[in-house]
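Q: turn this into a model:
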Amino acid sequence: MSVVSVKKNFSILARKYDEYFINAKLEESSLDLRKARILVFIHLFIIFVGLSYEIANRLWPGVDSPSTIVGILLFCGLTYIFKRYGNFFVSGNLVAFILFVVLLESVFATGGLYSDNLLWIMATPLTALLFASPRSGIVWLSVLVGVTFYLFVLDLQNPGYYRKQTEDLDGLYYLITYNGLFVMLIGIVLIFATGQSMIIKALDAKQMELEEQKAELTRQKEALVVAEEKLKSINHELERFAYSASHDLKEPLRMIGSYVMLVKRRIGTDLDPDTKEYIGFITDGVSRMEKMLNDLLQYSRLGRNKEQLKDQDLNDTLLVVMQNLMAAMENTNTAIYANQLPVIRSISVEMLQLFQNLISNSIKFRRKDLSPVIGITYQDEQDQHRFMFMDNGIGIPEKNKQSVFDIFERLHSIQEYEGSGIGLATCKKIVNNMGGKIWIEPNKAVGTTFTFTLPKERKNLPVI
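A: Prediction:
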């Protein structure tokens, strides 16, 4: 039989034991349950001993053993009372009383102050102490000390009555020895019992506190689940709004552009300089608005790509980005340096967007007197990948290093640098959806250093 099956069978027996003999209210405390099991075991053990004596009396009538029918019936009744009421004070004192009466009778019958049974009578205050209360144990100890003094007085009044074969025994010696032993033993047990009770009560209080904390965590988890569902609903509504704003508005925008071009063709060379300038403003605004709507539509779709995660070699991703930006790199004489990049599980389109936005950002915000130089550094850390994109461009003021990742946030006018102001917001959303972080290194004297980290194990993260 395996250890697991033995433990299982023992657990079943323990549950049956508790069900038959222990009051249900005592199972609420581990200390009370332990005490109840021991007290019931004492009841059953005494009943077993009594039955053994009765069986011996009937099988071997010549054996000198006491009749124990009354004791068996008494302890059966005590077992029922404890099961019925579950009161330690009553049951503990009743057991102590019965033990005291039975053992005291044997003390008088077998030598009084010099009887070995006087040692066994110590079970009375010990039982009361452990199962009823410390005060009950002290009371029964006082009764036992009084009985011992009474036996000493009897020995003095009737010298030789208990000393028929032990004339050299000193009653005072036995009196002091027994009483000292009683007090010392009860004191030691009292100290340990009180300490154990305090420790178990403290553990019970701590367990209750942990249960309350567990319940609170469960409530918070449920609240977070509800909040997550609401957040998903809100994100879905925002996605629909962004899609509507970036998709449905493109149609009237194209209509405006088309009619402006028709007006320009219809009038042709008859346009005066001011009208030409105004029409140029309109067509330029339509073009920029259309690009902004396209960028907004692309931003709203981030994180919802149906492409499966797969191993992506970022060295290949960088090569594709450089091919896409080849014209801009040649016009600005841009140089890109990178160490060996890793293979990570990702969505290839999003990693392509991330790299391309960061590199094009460095090319766009270059110094007029310097050719752009972009350095890409990778570090393999314990549980994450770290990337750094460093350039020698115009840099970003310290106060704006957080806000540049906000959507439509611009630090320069459209006349200075074109763009919709969504590029860095797109980078932040891609990194966050992968469970990472992105930031700009502080106190950079020349240029800008974008740093972002990606976890090596991508978990199920909420799409933002």
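
Q: give the buried residues for stretch 348-366.
A: Residues of stretch 348-366 classed as buried under the neighbour-count rule (16 or more other Cβ atoms under 10 Å) are 348, 350-366. For the C-beta atoms, the positions are set from N, CA and C on the backbone; glycine is no exception.

Q: actually stretch 214-231, not the one I wrote
A: So, applying 16+ other Cβ under 10 Å, stretch 214-231 has no buried residues.

Q: quick one: mean pLDDT for that stretch?
A: Throughout stretch 214-231, pLDDT has a mean value of 84.

Q: report the contact partners of the nearest residue to residue 404 once chain neighbours are set aside.
A: Nearest residue to residue 404 in three dimensions, chain neighbours excluded: residue 424, at 5.3 Å (Cβ to Cβ, 6 or more residues apart in numbering). Residue 424 is in contact with 357, 361, 404, 405, 409, counting by Cβ atoms under 8 Å, 6 or more residues apart in numbering.

Q: nearest to residue 230 among the residues you listed?
A: Using Cβ to Cβ, residue 405 is the member of the contacts of residue 424 that sits closest to residue 230, with 24.6 Å.

Q: that older thread, out of the buried residues of stretch 348-366, list just those in helices.
A: 348, 350-364 (DSSP state H).

Q: which of those sits closest to residue 136?
A: residue 350 (75.8 Å).

Q: residue 430 is in contact with the closest one, correct?
A: Yes - under the criterion of Cβ atoms under 8 Å, residue 350 makes contact with residue 430 at 4.9 Å.

Q: now the helices for the stretch 301-450 of the chain?
A: 314-324, 326-332, 348-364, 423-433 (DSSP state H, counting those that start in this stretch).

Q: can you lay out those as JSON lines showing mean pLDDT and distance to residue 79?
A: Listed next are the helices of the stretch 301-450 of the chain as JSON lines, based on pLDDT from 0 to 100; distance: least, Cβ to Cβ, whole Å:
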{"stretch": "helix 314-324", "mean pLDDT": "90", "distance to residue 79": "77"}
{"stretch": "helix 326-332", "mean pLDDT": "88", "distance to residue 79": "93"}
{"stretch": "helix 348-364", "mean pLDDT": "87", "distance to residue 79": "73"}
{"stretch": "helix 423-433", "mean pLDDT": "85", "distance to residue 79": "67"}
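
Q: who wins for proximity to residue 139 among those?
A: Among these, helix 423-433 sits nearest to residue 139 (Cβ to Cβ), with 71.9 Å.

Q: just the angle between that closest one and helix 348-364, please?
A: 140 degrees (axes from the mean of the first three to the mean of the last three Cα atoms, to 10 degrees).

Q: buried residues, helix 423-433. List them.
A: So, applying 16+ other Cβ under 10 Å, buried residues of helix 423-433: 423, 424, 425, 426, 427, 428, 429, 430, 431, 432, 433.

Q: ok, the last one to residue 116 distance?
A: Meaning residue 433. 84 Å (Cβ to Cβ, to the nearest Å).

Q: just the third one next, same as before
A: Remark: distance between residue 425 and residue 116 (Cβ to Cβ) = 93 Å.

Q: report the buried residues of the helix or strand containing residue 101.
A: Applying DSSP states H and E as the criterion places residue 101 in helix 88-109. Buried residues in helix 88-109, defined by neighbour count with 16+ other Cβ under 10 Å: 88, 91-100, 102-104, 106-107.
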